[in-house]
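Novice: Pasting a predicted model and its sequence here:
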Amino acid sequence: MEAQKDILILAIESSCDETAAAVVRNGREVLSNVIFSQIDLHTVYGGVVPEIASRKHIEKINQVIEQALAESGKGLSQMDAIAVTYGPGLVGALLVGVSAAKAVSFATGIPLIGVHHIEGHISANYIENKDLEPPFLCLVASGGHSHLVVVKDYGEYEIIGRTRDDAAGEAFDKVARAIGLGYPGGPKIDKLSREGNPDAIHFPRAKVEENEYDFSFSGLKSAVLNYLNGCQMKGEPVNAADVAASFQKAVIEVLVEHSLHAAREFGFDKFAIAGGVASNSSLRAAFERECGKREITFLHPSPIYCTDNAAMIGAAAYYEFCRGVRSGYDLNAVPNLKLGER
Ligand code: KG4
Ligand code: ZN
């Protein structure tokens, strides 16, 4: 029997503050993964400045694409598809990647595939878990999203829980700013928490009455801010490490409890995490422990595939490619794109 032809995809990601390109073979093998992080540029402003992000993407995009191709050892003409994140994200930032992908596709005649950013995050799990196949349950926790997603099949998703207000990563970023750690807050709280006592302060764990799988983090964020204000008014010193550890514990407890409750109710024995917050070391340890107790297989990408990257877009695009999905040259950036929509 003739061996099946390899499918090579050049993937591009520019939805927020990472300019990224990758070459992925058959959805699971990363031949190159180039990420230019703009974090240093935005740190001084305490968060991502959309206009600065767009301008930097324009400056870097061609270089990042060329480097991804060079490091993959493959030529552009060998690509079977050009994949790009077209939403959700910052519109100006998305447009840079989408325009670059359209230009490359138009110039070469290689098919174009628009990819949903969250589908990319979920698909990051396929890269290192070669045997993972749907169905499974996935928690997506990033700067913009906190979703509990039933991955029914490749490209088929059902969101069973979502945040009512702040995303988990957003809460990390806001609390980090309040205790003077700066942007991005997640990794800094992760690190500082190791020196703190997670039981020092009890912060609230919010339940959403209408949907037991939904999340709410704004009350927790306010509780941390109130605690800090209270200390200041009373002239009491703040132990930032204790605040970080106690806050982090509250977030993790809610994420773990909701996720494993859903896994039990829906009967899943495979559970995956994705998104920037999924790189949190305590979160990973907590899921490892709790899934182990319940004989649920716990899957997680390496940290580099949790935060924004293009390899995950290439992984998602492969399954779209196999399903016959192609985008036209009218592909546009869609800042509020819903998961599962085209
Ligand atoms: O997935 P991502 O790179 O971008 C979005 O799609 O939003 O996620 C970025 C978010 C930021 O809020 C950042 O603070 C958070 O992920 N994050 C973390 C960690 N690393 C990144 N949160 C907690 N612990 C971490 N180690
Ligand atoms: Zn992301």
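Specialist: All right, it came through fine. Ligands and ions are numbered 1, 2, ... in the order given.

Novice: Alongside ligand 2, which residues does this protein contribute?
Specialist: For the chain, the residues found near ligand 2 under the criterion Cβ under 5 Å from the ion are 142, 308. (Each C-beta comes from the backbone N, C-alpha and C, glycine too.)

Novice: if we go to 8 Å?
Specialist: With Cβ under 8 Å from the ion as the criterion, the chain meets ligand 2 at residues 15-16, 89, 117-118, 120-121, 142-145, 275-276, 307-308.

Novice: In three-state terms, how would residue 226 be classified?
Specialist: With DSSP: H, G, I helix; E, B strand; the rest coil as the basis, residue 226 sits in helix.

Novice: helices or strands up against the longest helix seen in the chain?
Specialist: Criterion DSSP state H: the longest helix present in the chain is helix 240-266. Applying 3 or more Cβ pairs under 8 Å, 6 or more residues apart in numbering; DSSP states H and E, we find helix 240-266 packed against strand 136-141, strand 146-153, strand 156-162, helix 168-178, helix 185-193, helix 218-234, strand 270-274, helix 281-293.

Novice: Contacts for the first one, please.
Specialist: Contacts to strand 136-141, defined as Cβ atoms under 8 Å, 6 or more residues apart in numbering, come from residues 118, 121-122, 125, 146-151, 167-169, 255, 259, 262-263, 266, 268, 270-278, 283, 299.

Novice: Can you tell me which of those are buried?
Specialist: 118, 121-122, 125, 146-151, 167-169, 255, 259, 262-263, 268, 270-278, 283, 299 (16 or more other Cβ atoms under 10 Å).

Novice: Can you report how many residues lie near residue 311?
Specialist: Using other Cβ atoms under 10 Å, residue 311 is surrounded by 31 other residues.

Novice: any idea how far residue 288 is from the closest residue to ligand 1 within the stretch 101-250 of the chain?
Specialist: Using Cβ to the nearest ligand atom, the closest approach of the stretch 101-250 of the chain to ligand 1 is made by residue 186 at 2.0 Å. Going from residue 186 to residue 288 by Cβ to Cβ, to the nearest Å gives 19 Å.

Novice: before we move on, what about residue 151?
Specialist: In this view, residue 151 and residue 288 are 20 Å apart by Cβ to Cβ.

Novice: likewise residue 273?
Specialist: Counting by Cβ to Cβ, the gap from residue 273 to residue 288 is 10 Å.

Novice: swap in residue 228?
Specialist: From residue 228 across to residue 288, the span is 31 Å (Cβ to Cβ).

Novice: ok, those two, which is more surrounded?
Specialist: More crowded of residue 228 and residue 288, by other Cβ under 10 Å: residue 228, with 17 against 11.
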